[in-house]
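> model the following, please.
(one chain, ligands or ions: 1)
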Amino acid sequence: MVAISSKALKILEDLFPNRLLTGSEALPYGVDASQLCFRPQAVVLPETKEEVLEILRLADLYQFPIVSRGSGTATTGSSLPIEGGLVVSFTRMNRILEVNPEERIVVVEPGVLNGDLKEYLKKYGLFYPPDPASYAFSTIGGNVATGAGGPRGLKYGTTKDYVLSLLVGLPGGNSFKTGPTTLKGVVSYNLTPLFVGSEGTLGVFLEIYLKVIPLPPQRTLFLLYLPKEEEGLSLIGEILLQGLTPASAEFVDKTSLVAIRENLEGLPASTEALLFLELDGKETEVREDGQFLEKFLKAKGYSFEKAEMEEEIEQLWEIRRIIAPSLKKLGPKKIADDVVVPRKKMREFLKFLREWEKESGIYIAAFGHVGDGNFHVNLLFEEEKKDVAQKVRESVLKKVLELYGTISGEHGIGYTKRPYVAWELNPLQLEIMKKLKAIFDPKGLLNPHIKWP
Ligand SMILES: Cc1cc2nc3c(=O)[nH]c(=O)nc-3n(C[C@H](O)[C@H](O)[C@H](O)COP(=O)(O)OP(=O)(O)OC[C@H]3O[C@@H](n4cnc5c(N)ncnc54)[C@H](O)[C@@H]3O)c2cc1C
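Below is the predicted model:
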């Protein structure tokens with residue numbers, strides 16, 4: 001544990017009266033969705049970028065760790081104060097600073113919630129597509145730092161495709177922009193992508209410049225009842241080969257369906273798994289594509305439900321959103337990964353998971369954004385099966401790499417997946433990453449023990 005000296009703590013108390021938490025009220029900032037818990041020495045709630053820069057100046061001067069935190073919904077421990085130090089919570093820096101409809105650019109503070117931004121942009125007819133399932137309660141700062149993705153990734157990409165530039169603060173209290181804030185610009189190396197997914201280890205985001213697009217006026221959702229789960233995985237490739245790009249292709253595998261089945265009235269008995277296919281865009285385009293897809297699915301003998309009204313569509317999507325909380329029914333303990341494999345390897349991967357499920361006797365849910373080849377693999381088990389679960393996890397990650405996949409598509413490495421980073425990256429890649437970190441954070445004060453082994 002690296003302590004904040006009493007002198008530094010006193011300075012912080014004077015600077016942030018009522019906004020520096022040190023007692024039991026600091027404890028909630030030591031947990032996230034990973035189920036881990038580390039006690040912060042203090043938590044500070046800055047309201048301006050100048051305040052954050054002053055915190056960074058003090059951190060460098062008095063050598064204490066800084067852990068950036070949005071809503072704390074990370075599943076990997078990436079916002080946790082592993083060795084104590086100061087948690088900087090961005091929840092009060094939640095202003096939308098500028099909307100520029102002509103340029104299709106918005107500027108936000110890091111603590112703006114993704115869902116609030118989406119709602120705010122509607123009145124300008126604009127849309128910010130990245131939509132992690134946590135969009136209603138996760139921050140843009142957290143989304144950028146994890147490179148968050150979501151169901152719409154298939155057509156629209158993920159957070160990385162919408163970050164134009166970042167104003168970043170560094171230990172010592174200086175700040176810089178990672179790239180130009182114009183729609184084009186090649187003067188400097190473009191550092192923006194380096195910071196997307198950096199999990200708070202390279203710098204602290206003070207302002208975020210985002211690209212936005214016109215709000216698609218029409219949506220149509222098809223919910224397919226799959227008699228065999230693996231069929232849904234081949235179907236995506238077949239649909240793409242028809243020249244159709246759904247906004248989302250989201251999979252509810254058979255184990256996840258076991259967990260939520262009792263919530264679903266009228267589900268055909270033969271249904272083993274579900275596939276959500278959403279189309280969006282201009283009205284005529286969605287109508288034509290919808291007719292084409294309907295014919296295509298009928299010709300293949302699938303049963304499905306089709307929703308065109310906003311309310312109906314959102315009700316159906318609720319089925320997908322209840323998976324994460326419902327999985328607890330299958331086991332009190334959980335190991336969660338968000339792996340990606342090439343689309344054409346998805347069936348092989350699912351078969352591998354089912355073989356392990358049978359052999360190990362633990363539940364393996366594998367739902368998620370399969371349009372991108374991204375599975376949320378959740379192992380659910382009783383405490384006494386924890387060694388078996390660990391063995392299964394390692395075997396699953398090895399299989400992912402054997403299939404030329406990656407061990408994390410969007411949730412990041414955080415604290416929990418660090419032991420596996422060297423399985424995917426070779427020593428040279430790791431050395432380059434560490435050298436890059438040292439450029440921005442030479443004393444290792446930002447999010448210690450996160451991301452790199
Ligand atoms: C129910 C549920 C569903 C989820 N679904 C998805 C999903 O579909 N897709 C997906 O990608 N993720 C998903 N997640 C994971 C999580 O919501 C995302 O990783 C999200 O981006 C984290 O945002 P946050 O505001 O909670 O950030 P935190 O959890 O607070 O922090 C995440 C990381 O961002 C860093 N950070 C935060 N603010 C800053 C800043 N200003 N400057 C620098 N670094 C910063 C932190 O240090 C940390 O490394 C889900 C989580 C839950 C609980």
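
> so which residues on this structure come close to the ligand?
32-33, 67-75, 78-79, 90, 110, 132-134, 138-139, 141-143, 145-146, 148-150, 199-200, 204-205, 324, 410-411, 447 (Cβ under 6 Å from any ligand atom). Using the backbone N, CA and C atoms, a C-beta is placed for each residue, glycine as well.

> residue of the stretch 151-300 of the chain nearest the ligand, please.
Closest contact between the stretch 151-300 of the chain and the ligand, by Cβ to the nearest ligand atom, is at G200 (2.7 Å).

> quick check, that residue in contact with T76.
No. Counting by Cβ atoms under 8 Å, G200 does not reach T76; the two are 11.6 Å apart.

> give me the buried positions along stretch 18-29.
Using 16 or more other Cβ atoms under 10 Å as the burial criterion, the residues of stretch 18-29 that qualify are R19, L20, L21, A26, Y29.

> ignore the last one, stretch 44-55
Judged by neighbour count using 16+ other Cβ under 10 Å, the buried positions of stretch 44-55 are V44, L45, P46, E47, K49, E51, V52, L53, E54, I55.

> give me the residues contacting it.
Here stretch 44-55 makes contact (Cβ atoms under 8 Å, 6 or more residues apart in numbering) with 12, 15-16, 19-21, 66, 86-93, 109, 167, 169, 173-175, 204, 206-207.

> now the residue of the stretch 101-250 of the chain found nearest the ligand. Its backbone dihedrals?
The stretch 101-250 of the chain approaches the ligand most closely through G142 (2.1 Å), counting by Cβ to the nearest ligand atom. The phi/psi pair for G142 (degrees, to the nearest 10) reads phi -60, psi -40.

> how close does K282 get to L126?
With the distance defined as Cβ to Cβ, to the nearest Å, K282 ends up 16 Å from L126.

> excluding its backbone neighbours, what's nearest G77?
Residue nearest to G77 in three dimensions, not counting chain neighbours: Y415, with 3.4 Å by Cβ to Cβ, 6 or more residues apart in numbering.

> neighbours of that neighbour, how many?
Counted by other Cβ atoms under 10 Å, the residues lying close to Y415 total 21.

> show me what contacts the nearest residue to L297 once chain neighbours are set aside?
Spatially, and ignoring its direct neighbours in sequence, L297 is nearest to F304 (5.9 Å; Cβ to Cβ, 6+ apart). Residues in contact with F304 (Cβ under 8 Å, 6+ apart) are F222, L223, L224, Y225, L297.

> helix, strand, or coil at F304?
Here F304 is recorded as strand under DSSP: H, G, I helix; E, B strand; the rest coil.

> thinking again about what came up before, who touches the residue of the stretch 151-300 of the chain closest to the ligand in this structure?
V67, S68, S78, S79, A145, L446, N447, I450.

> and if you look at L235?
The contact partners of L235, by Cβ under 8 Å, 6+ apart, come to L224, L275, K300.

> quick one: low-confidence ranges for the stretch 51-200 of the chain?
By pLDDT under 70, the stretch 51-200 of the chain contains no weakly predicted segment.

> okay, helices next: where are they in it?
Assigned by DSSP state H, counting those that start in this stretch, the stretch 51-200 of the chain shows helices spanning 114-122, 140-146, 153-156, 192-195.

> dump those to JSON lines, plus mean neighbour count.
Listed next are the helices of the stretch 51-200 of the chain as JSON lines, based on neighbours: other Cβ atoms under 10 Å:
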{"stretch": "helix 114-122", "mean neighbour count": "18"}
{"stretch": "helix 140-146", "mean neighbour count": "30"}
{"stretch": "helix 153-156", "mean neighbour count": "22"}
{"stretch": "helix 192-195", "mean neighbour count": "18"}
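
> could you dump those to JSON lines with distance to V396?
Shown next, in JSON lines, are the helices of the stretch 51-200 of the chain (distance: least, Cβ to Cβ, whole Å):
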{"stretch": "helix 114-122", "distance to V396": "29"}
{"stretch": "helix 140-146", "distance to V396": "21"}
{"stretch": "helix 153-156", "distance to V396": "21"}
{"stretch": "helix 192-195", "distance to V396": "28"}
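
> what separates the most centrally placed residue in the chain from T159, distance-wise?
The chain has A148 as the residue nearest its centroid, 3.2 Å off, counting by Cα atoms, centre = their mean. In this structure, A148 and T159 are 5 Å apart, going by Cβ to Cβ.

> now do I322
Distance from I322 to T159, by Cβ to Cβ: 24 Å.

> neighbour count winner among those two?
Shown here are I322 and T159; by other Cβ under 10 Å, T159 has more neighbours (28 against 14).

> who's in contact with that one?
Residues near T159 by Cβ under 8 Å, 6+ apart: P130, N143, V144, T146, G147, A148, G149, V196.

> quick revisit: shared neighbours of A148 and T159, which are they?
In terms of Cβ under 8 Å, 6+ apart, A148 and T159 are both contacted by the residues P130.

> in helices, which of the contacts of F304 appear?
L297 (DSSP state H).

> of the contacts of F304, closest to V341?
L224 (21.1 Å; Cβ to Cβ).

> give me the pLDDT value at that closest one.
pLDDT, L224: 97.

> got a list of what it touches?
Neighbour list for L224: G232, L235, L274, L275, F276, L277, L297, Y302, S303, F304 [criterion: Cβ under 8 Å, 6+ apart].

> of all those residues, which two lie farthest apart?
F276 and S303 (14.4 Å).

> higher neighbour count, those two?
Neighbour tally, F276 and S303, criterion other Cβ under 10 Å: the higher count belongs to F276, 23 against 14.

> and the more buried one, how far is that from P217?
F276 is 20 Å from P217, by Cβ to Cβ.

> can you get me a residue count around Y124?
15.

> wait, it touches E98, no?
No. Between Y124 and E98 there is no contact under Cβ under 8 Å: 11.5 Å.

> so where does whichever residue of the stretch 251-400 of the chain sits closest to the ligand fall, helix or strand?
Here the residue of the stretch 251-400 of the chain nearest the ligand is A324; by Cβ to the nearest ligand atom that distance is 4.3 Å. According to DSSP states H and E, A324 maps onto helix 323-326.

> just checking, what packs against that helix?
Using 3 or more Cβ pairs under 8 Å, 6 or more residues apart in numbering; DSSP states H and E, the elements in contact with helix 323-326 are helix 254-260.
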